[in-house]
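1. Output the structure for:
(chains A and B)
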Amino acid sequence: MSNTANFPLLSLIMFTPLVGAGVLLFVSKPNAIRWIANGFAMLGFLVSLPLWFWLDTTSPDWQFVERHEWIPSIGAEYFIGVDGFSVLLILLATLMGAIAVLSSWTAITERLKEYYIFLLVLQAGMIGAFVSLDFLLFFVFWEVMLVPMYFLIGIWGSANRLYSAIKFFLFTLVGSVIMLLGILAVYFYNHEVTGVYTFDITRFHELNMPIELQTWVFLAFFLGFAVKVPMFPFHTWLPDAHTDAPTAGSVILAAVLLKMGTYGFIRFSLPILPEATRNAVPWVVALCIIGIIYGALVAMAQTDWKRLVAYSSVSHMGLVMLGLFALTPVGITGSILQQINHGIATGGLFLLVGVVYERRHTREISEYGGLAKVMPAYAAVFLVLTMSSIGLPTLNGFIGEVLILQGIFVVNKVWAGFAATGIVLSAAYMLWLYQRTMWGTVDNPKNEHLPDLNLREWATFAPLLILAVWIGLYPKPFLDRLETSVDRVMARVSSVYPPRNVLHDDGQDAAELPALDGDVSDVIEIPVRGGAR
Amino acid sequence: MDLIWLIPLLPGIGAALNGLLGVRYFSKRVAAGVACVTMGGALLLSIGAFYQLLGAEHREHVVTVAQWIPPIPLATASGEIGAFEVPWAFRLDPLSGMMILIVTGIGFLIHLYSVAYMDHESRGAYARFFCYLNLFCFFMLMLVLGSTFLVMFVGWEGVGLCSYLLIGFWYHKQSASDAGKKAFIVNRVGDWGFMLGIFLIFFTFGTLDFRAVAEAAAEMPVEVGGFGVLSAICLLLFVGAVGKSAQIPLHIWLPDAMEGPTPVSALIHAATMVTAGVYMVGRNAVLFSHAPMVMQVVAWVGVLTALLAATIGLVQTDIKKVLAYSTVSQLGYMFLATGVGAFGAAAFHLMTHAFFKALLFLGSGSVIHAMNDEQDLRRMGNMRLYMPVTFITMFVGSLAIAGVPPFSGFFSKDEILYRTYLNNKLLWGLAVVTAGMTAFYMFRLIFMTFFGEYRGPSWGHQEGEDHAEAHAAADDGHDADAQGHAWHGPHESPGLMTGPLWMLAVGASVAGLVGIPAAFGFRNLIEPFLEPSFTAGAAHEATEHAESHLLEWGLMGFSVLIAIAGIALAYHFYVRRPERSEQLAKHWAGAHRWLTNKYYVDELYGATAIKGTIGSARGLWTVDRHVVDGAVNGAGWLTRACAWVSHVFDKYLVDGMFNLLAWVCTEGSYVFRRVQTGLIQNYAVATLFGVFAFVTMYLIARYVG
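-> Coordinates of the predicted model:
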């Protein structure tokens, strides 16, 4: 564990939005509030940028670690640190946070101060969850995020906002309460074995719990994380929350908050409970495949633009989970990259809905049509993000899709075959949406004079478009940063795959690696890596 | 040759310029200039690279530009841990060399042609068109130059996108936007197979590099009489090829794709993109050669597609639809060739087809342009008087596709027929029938368009009465405001359009000369040249056919006879006795209806796949709302119900008891308050009663108990 800069960078990143929220308390002029909120959100992104450059991609250690006592009586610590995986998610969170704040400039006109404070607090909560290496600290941040989101939906949302806000809150809360039981089980088991009371995740990663306990804890974690992802059949809070949330809320929800679930699986379920994870693969995969196809089909039936995108999220997140439970380096790498991609594409799609919603105050697809004529730049951005979403090569979504499907293919060909039908269905519902909204003639007089994207709106889309093309053409910098994170997980869930630097040392010739005897699936067993310290 | 990566990149840059700046800032002249210059540059580079390739000792050159997906460990079928790794690598070899010449050459001509053809579009749309067209060339060149399956797939999907955008170019038309969407989705069905094929290839071979896969596959036994992993790979790849090259059962999108502007039909839906499937099968010739069972499938799908599409082509009345079915049919021919193992012949036909079909489409575009966007053959006629250049060039193209010597189609088609005859007589028979039909429907098109009575609308020289009609016709066109001018009757197209026609006509005439059969005593240049692309090692010799030249001559003569018969029949029905064709249609009304309705395949898919998908989508949406979410809301309701019950319990039972107690106390207090009179006498009486009562109780207890 290292902190190369010897500087509390992570704390700075986390507290910048909080400071912004604090400053906003004392400001009352609307425009001043807007400028300050945007300033701090932007600053939050800028201070997180060094993570990208300073991260040591070859080191398997946790980096930028800070460790202080928090609640010594129960062994809880303020213990934070990152690896490549969390760095990417933090950058996604800070970028999307800044974009979300910027996108609200004219959309939000009431109770500005509270709105921006909630957004900034939410931001801090998300970053906190991504950097926590203490399970209790993680849990606190996990719960903290619920509150601002609840208010964002409940106060600034549309028609059914109270129902949706409460649904969102309760759903996640139920999951997380059960998850807390799981955390406590691990906590007490760890004490039993090592005699130390601690919530230190890095220690939990070395535990070898008995399989029965693992299974129960896995189920507890699963409920907590699967609700958040959301996996079929725990997904129904998502379309409601998305549909009724204000644009910025939807963007954050889709781009970052959903990743909490997948982050939880990768950070906790897989490495702490490797055996139970392996046993669960067929069940989880079944849910994933149902989710992919089901989400896509239900998306096809939607008449509400935003709800359609929300259901497409269910389908895409099913694919992300599938890559994860392939338990192959390619699959997990693809899964993580696809989380970023989903943030870019779906976050962008929600922004796009927000743009026309602000102009027309309706999300009904049938209200639109022929927008390509009146808003050509908008139509072009929509096209690129649609293509990113349906995985067109040279854009980001394709890399993730290929890695995930290739990763699951070597495990089971039939699963891959079913999952790949998603590429047909996603094209169908997205292009149909595009046709119904962008193409055709402008037959609704209200649409005749819609203004095209303005400079501020361009500024919210530009980074997403650049990232989409960058990841699509040259994903190497992203994939390099994931290498050690993936290897850490793989070392726990499978003994088949050696850590990556072995590959590098031998040159990239796979043939030089020792052949394994027998079927790959036979060789899987838990590596015993020192139970207690 | 090290610069081959620039060949796709140049049109890519053009697309980026036109897309980012052009649609907003460029004048038409600049937009067209950017597109044509980048395409011209790509053409020059291609010619240079091809020239170098001809001179090279070892006709294979791979350029790796950068790493795309860095190596990530992944298990393979052999049990070894391979590395999933994809570089941005481009390969120049005889096959891709031929393809880049076709794509850049024909692409450049079509760019020139479009400069004039699209001129009546508004400025923004004009730049948008050239952006898409350049983008298409970018992806198409990536497809043919890609050195690994995944880079090819990039181009493969990318051309699909451009095809979608260009078919839907006039997006305000419902039919155009439907057709674009249909093309993309049907292609995606094929891509599903292609992707799974790619995954299986990596799993089997641990690499996605074409050459490495071919070499590894060459070591494996030919899967005679069995269906092994190579057959599975080939079948999946072929699913992709069927989608892209519009073969049965995924052929339905191509005729609809004619909604796009005609230069697009020529470039994408005739000359280049739709042949990508053939190219892909050819690129994997080694794999396919090891899977004879799949080869049979390929051959049969090819010949049936060729035959059925030709029959549909017999009765179509839209000039572009005839050409579209003809394209489907010719693509079937190419697959037939690959299916019988004649990869060289397939590539040869691909090349000649690119010339004559691009020519025919551009010619039809010229006619449509001249007729003010009329596409119905029944409203044309005698056009040779008005547009001699178009007539002559299209006539040449038709001779070429019909297989009349010495035009190019004759040589390539004949090679296919000959090789098919050696393989399977039944396939050959079907192919020959198709050849006859091809000659018939092509000359039906020529005769209906260029001969006979003029049947189109009259035009402006009878100023006044017909002016309104001309305007009405214009309103059907693309862009009402751009079409405001009066139409002055059919006229020859401008030089920028006829120039490419001439050049393609020359190509369609002489392109066949590179593949003159050995029977003529010349050397067949193209097939030995391409041979290294179809085999694994350099050691293989070009396969020599041991059959006698007599057989070859005989077959050749026969197919020429068939072609001439087809032409003669068309002449009989559409020039000498035009009324006979209508009588025939009436006589065979049932068959005619099936053909004009394309065997009702669209209707079949509409009733099954599409209706099924939409139905299940709606059904699941209901399930989601009422069952899945119903469970959630039910849980919520149950909680609230419990809360209500406990509320009632709490309010009326728990709290009620306390309230009762309180009530009793309150009420009791009223009673007992009366007792508190404050009069000492009352208290004394009460005390007396009390004492009396206690004494009584004591006595009773004492003496009774």
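2. Give the buried residues for stretch B:153-168.
-> B:153-168 (16 or more other C-beta atoms under 10 Å in any protein chain shown). C-beta coordinates here come from the backbone N, C-alpha and C atoms, glycine included.
3. Same question for stretch A:484-498.
-> Here stretch A:484-498 shows A:484-494, A:496-498 as buried, counting by 16+ other C-beta under 10 Å.
4. closest to B:V264 among the residues you listed?
-> The shortest approach to B:V264 among those belongs to A:V486, at 43.7 Å (C-beta to C-beta).
5. That closest one: what's it in contact with?
-> Residues in contact with A:V486 (C-beta atoms under 8 Å, 6 or more residues apart in numbering or on different chains) are A:F85, A:P329, A:I332, A:T333, A:I336, A:R500.
6. And those residues, which is the shakiest by pLDDT?
-> Lowest pLDDT within the contacts of A:V486 is found at A:R500 (71).
7. gap between A:F135 and chain B?
-> Remark: distance between A:F135 and chain B (C-beta to the nearest C-beta, to the nearest Å) = 28 Å.
8. so does the longest strand along chain B get close to chain A?
-> The residue-count maximum for a strand in chain B (DSSP state E) belongs to strand B:61-75. Yes. Using C-beta under 8 Å from any C-beta of the partner chain, we find that strand B:61-75 touches chain A at B:A66, B:Q67, B:W68, B:I69, B:P70, B:P71, B:I72, B:P73, B:L74, B:A75.
9. tell me the angle the helix or strand harbouring A:V355 makes with strand B:61-75.
-> In this structure, A:V355 sits in helix A:329-360 according to DSSP states H and E. Regarding helix A:329-360 and strand B:61-75, their directions subtend 100 degrees when assessed with axes from the mean of the first three to the mean of the last three C-alpha atoms, to 10 degrees.
10. Show me which residues of helix A:329-360 are buried.
-> Along helix A:329-360, the positions that meet the burial threshold by neighbour count (16+ other C-beta under 10 Å) are A:329-357.
11. about what we covered before: which one of the buried residues of stretch A:484-498 is nearest to chain B?
-> Proximity to chain B was ranked across these by C-beta to the nearest C-beta; first place goes to A:Y497, at 5.2 Å.
12. other SSEs contacting the strand or helix carrying A:T460?
-> A:T460 is located in helix A:455-473, with elements delineated by DSSP H and E. In terms of contact count using 3 or more C-beta pairs under 8 Å, 6 or more residues apart in numbering or on different chains; DSSP states H and E, helix A:455-473 is assigned the packing partners helix A:84-103, helix A:329-360, helix A:376-389, helix A:396-409.
13. Format those as CSV; extra columns: distance to B:E80.
-> Written out in CSV, the entries for those read as follows (distance: least, C-beta to C-beta, whole Å):
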stretch, distance to B:E80
helix A:84-103, 27
helix A:329-360, 14
helix A:376-389, 34
helix A:396-409, 16
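14. So, low pLDDT: which residues of chain B?
-> Applying pLDDT under 70 to chain B picks out residues B:459-487, B:518-519, B:521-523, B:536-548, B:705.
15. Please repeat the previous calculation with a cut-off of 50.
-> Low-confidence segments of chain B (pLDDT under 50): B:462-484, B:538-542.
16. all helices for the stretch 501-650 of chain B, in order.
-> B:526-534, B:549-571, B:579-587, B:589-596, B:601-605, B:611-623, B:629-648 (DSSP state H, counting those that start in this stretch).
17. can you count the residues close to the nearest residue in space to A:G369 that is not next to it in sequence?
-> In this structure, A:G369 finds its nearest non-sequential neighbour in A:G440, 4.6 Å apart by C-beta to C-beta, 6 or more residues apart in numbering or on different chains. Using other C-beta atoms under 10 Å in any protein chain shown as the criterion, A:G440 is surrounded by 21 other residues.
18. what does B:T639 give?
-> Neighbour count of B:T639, defined by other C-beta under 10 Å: 11.
19. Tell me the spacing between it and B:K651.
-> Distance check for B:T639 against B:K651: by C-beta to C-beta, to the nearest Å, it reads 18 Å.
20. Contacts only, for A:H316.
-> A:G295, A:Q338, A:H342, A:T346, A:S389, A:S426.
21. How many neighbouring residues does the first one have?
-> To tie it back to what came earlier, the one meant is A:G295. For A:G295, the neighbour count with other C-beta under 10 Å is 32.
22. a helix runs through it, doesn't it?
-> Yes. With DSSP: H, G, I helix; E, B strand; the rest coil as the criterion, A:G295 is part of a helix.
23. Just confirm it contacts A:Y311, I think it does.
-> Yes. With contact defined as C-beta atoms under 8 Å, A:G295 reaches A:Y311; the gap is 5.2 Å.
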